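*Asks:* A predicted structure for the sequence below; I have some questions about it.
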Amino acid sequence: MYERFYGLRERPFDLLPNPRFLYLTPRQREALSNLQYGLSTPRGLTLLIGEAGTGKTTLVQAALAELNRDNVECVLVSNPTLTRDEFYEYLATGFNLGAGAAQSKTRFLFEFRRHLQERHAEGRLSALVLDEAQSLPYELLEEVRLLSNIETATVKLLNVVLTGQPELADKLNEPGLRQLKQRISLRCQIEPLSFQETAAYIAGRLRIAGGNPAAIFSREAILAIHEASGGVPRIVNVVCDNALIGGFAAETRPVLRATVEEVCRDFDLRSAAPFGSATSAHRPSVSDPASGPSSSSSSSDRPGQKTDSTSPGLDTAVHDAVARITVNETDAENPSAADQNTPLFGAGGRRRFSFFK
């Protein structure tokens, strides 16, 4: 719809867990490494916690995409609101255990243990991934614990990955699930994006889709997106996609803050404070342009230099894209006056957000 108007090859903000658009903060990179390790080695139970919309399913899809399917068989349960019988029927089908195992829990457990032992003897692994695990009823969480107990004297035969919202962590803290919690060997948590990370996330997606970030969103629009979303990637996607539709309808290039605010009103998005203090702490203050991380002046702060120290682990291409998001509302009225080479952080003893004058 708006792709040609903004010079894009494809829509950059679709609500799909597409690993090609994966953006990794240091915390998310650590979480992805834990998922990959928990699936490719006999580790037992791995837990990933994150607020709704922070990218858990995308990380799972990225980890699964990297698996060696010849060595690791994996069954993904993305809708865990099942009865116990339906749960075992699903697993029997996923692990190719036959019709008999799908009809009887006793038959399932017998055939499943034999299946895992045979794979282990061949040097191969089996894994079960339960996405949206906060929706698992207590009965199934206990079944998951018992399945994770399938082992020999020296090795776990089934890797289990649980991913869910903070409600899952609350469940695991209850006395009745303490045995399941004690069996977690790897645990990680992802948080909403900071202001810098939100800018990098948007710029990275636009570049992957073939666009020039500086020509598509103004700096004030980026700030408004972060304020409305609290750095939650799913909300960022919704706001960005609808802002591009609105900008296309108004024939506005780049998208201005007013367009973003109109989208936020339509979706009833208010302050991002409820997402937690960690997010609020990352939000820059207009009255304090230097509210980003302070540091002494160095060569990395000068215009034209990479500032990897401000965004640890950022891909260079993504970081360069962020550095070119410099168009403000005044520049949008006179596009020829926009300075496309001003970096995201200005020169000087303290870093400042170039979204602000």
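*Replies:* Arrived safely, thanks for sending.
*Asks:* Which of the helices and strands in the chain ranks last by mean pLDDT?
*Replies:* When the helices and strands of the chain are compared on mean pLDDT, DSSP states H and E, helix 277-282 comes out lowest with a mean of 40.
*Asks:* State the helix or strand in which Leu91 lies.
*Replies:* Using DSSP states H and E, Leu91 falls within helix 84-94.
*Asks:* So for that helix, mean pLDDT?
*Replies:* Here helix 84-94 scores 95 as its mean pLDDT.
*Asks:* Mind giving me the packing neighbours of the helix or strand that it is followed by?
*Replies:* Remark: after helix 84-94, the chain's next helix or strand is helix 99-103, criterion DSSP H and E. Judged by 3 or more CB pairs under 8 Å, 6 or more residues apart in numbering; DSSP states H and E, helix 99-103 is in contact with helix 84-94, helix 105-121. (C-beta placed from N, C-alpha, C; glycine too.)
*Asks:* buried sites along helix 99-103?
*Replies:* Residues 101-102 are the ones in helix 99-103 that count as buried (16 or more other CB atoms under 10 Å).
*Asks:* Equivalent analysis for stretch 67-82, please.
*Replies:* Buried, per 16+ other CB under 10 Å, within stretch 67-82: 67, 72-75, 77, 80, 82.
*Asks:* nearest to Tyr23, of these?
*Replies:* Among the buried residues of stretch 67-82, Leu67 lies closest to Tyr23 (CB to CB), at 21.0 Å.
*Asks:* what's that closest one sitting at in phi/psi?
*Replies:* Backbone torsions for Leu67, taken as degrees, to the nearest 10, come to phi -70, psi 140.
*Asks:* do you know how far it is from Leu130?
*Replies:* Here Leu67 is placed at a distance of 16 Å from Leu130 (CB to CB, to the nearest Å).
*Asks:* ok, the most centrally placed residue in the chain to Gly231 distance?
*Replies:* Of all residues in the chain, the one closest to the mean position by CA atoms, centre = their mean is Gly55, 2.3 Å from it. Gly55 is 11 Å from Gly231, where distance means CB to CB.
*Asks:* Then Leu116?
*Replies:* Distance from Leu116 to Gly231, by CB to CB: 40 Å.
*Asks:* Between those two, which is the more surrounded one?
*Replies:* Gly231 (30 against 22; other CB atoms under 10 Å).
*Asks:* Surely that one is in a strand?
*Replies:* No. If the criterion is DSSP: H, G, I helix; E, B strand; the rest coil, then Gly231 is coil and not within a strand.
*Asks:* what's the pLDDT at it?
*Replies:* On pLDDT, Gly231 comes in at 97.
*Asks:* Look up how far Ile225 lies from it.
*Replies:* Gly231 is 10 Å from Ile225, by CB to CB.
*Asks:* shared neighbours, these two?
*Replies:* Shared contacts of Gly231 and Ile225 (CB atoms under 8 Å, 6 or more residues apart in numbering): Thr198.
*Asks:* just to revisit the earlier point, and Asp170, which of the helices and strands packed on helix 99-103 is closest to it?
*Replies:* helix 84-94 (21.9 Å).
*Asks:* domains for the chain, by residue range?
*Replies:* By the assignment in automatic domain parsing, the chain contains the domains 26-190, 195-337.
*Asks:* Same list (those domains) but as TSV, adding distance to Glu10.
*Replies:* Below are the domains of the chain laid out as TSV (distance: least, CB to CB, whole Å):
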stretch	distance to Glu10
domain 26-190	17
domain 195-337	5
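*Asks:* can you tell me which of those domains the model trusts least?
*Replies:* Minimum mean pLDDT among the domains of the chain: domain 195-337, a mean of 70.
*Asks:* Can you show me the helices along the stretch 1-150 of the chain?
*Replies:* Remark: helices assigned in the stretch 1-150 of the chain by DSSP state H, counting those that start in this stretch are 26-40, 56-65, 84-94, 99-103, 105-121, 138-148.
*Asks:* so the third one versus helix 105-121, what angle?
*Replies:* Spelled out, it's helix 84-94. Interaxial angle, helix 84-94 versus helix 105-121 (axes from the mean of the first three to the mean of the last three CA atoms, to 10 degrees): 30 degrees.
*Asks:* For helix 84-94, C-alpha coordinates in PDB please.
*Replies:* Below are the C-alpha coordinates for helix 84-94, written out as PDB (Å, rounded to 0.1, in the frame of the first residue of the first chain):
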ATOM      1  CA  ARG A  84      -4.200 -33.500  29.300                       C
ATOM      2  CA  ASP A  85      -5.500 -36.000  26.700                       C
ATOM      3  CA  GLU A  86      -5.200 -33.400  23.900                       C
ATOM      4  CA  PHE A  87      -1.700 -32.600  25.100                       C
ATOM      5  CA  TYR A  88      -0.500 -36.200  24.800                       C
ATOM      6  CA  GLU A  89      -2.300 -36.600  21.500                       C
ATOM      7  CA  TYR A  90      -0.400 -33.500  20.100                       C
ATOM      8  CA  LEU A  91       3.000 -34.800  21.300                       C
ATOM      9  CA  ALA A  92       2.400 -38.300  20.000                       C
ATOM     10  CA  THR A  93       1.600 -36.900  16.600                       C
ATOM     11  CA  GLY A  94       4.600 -34.400  16.700                       C
END
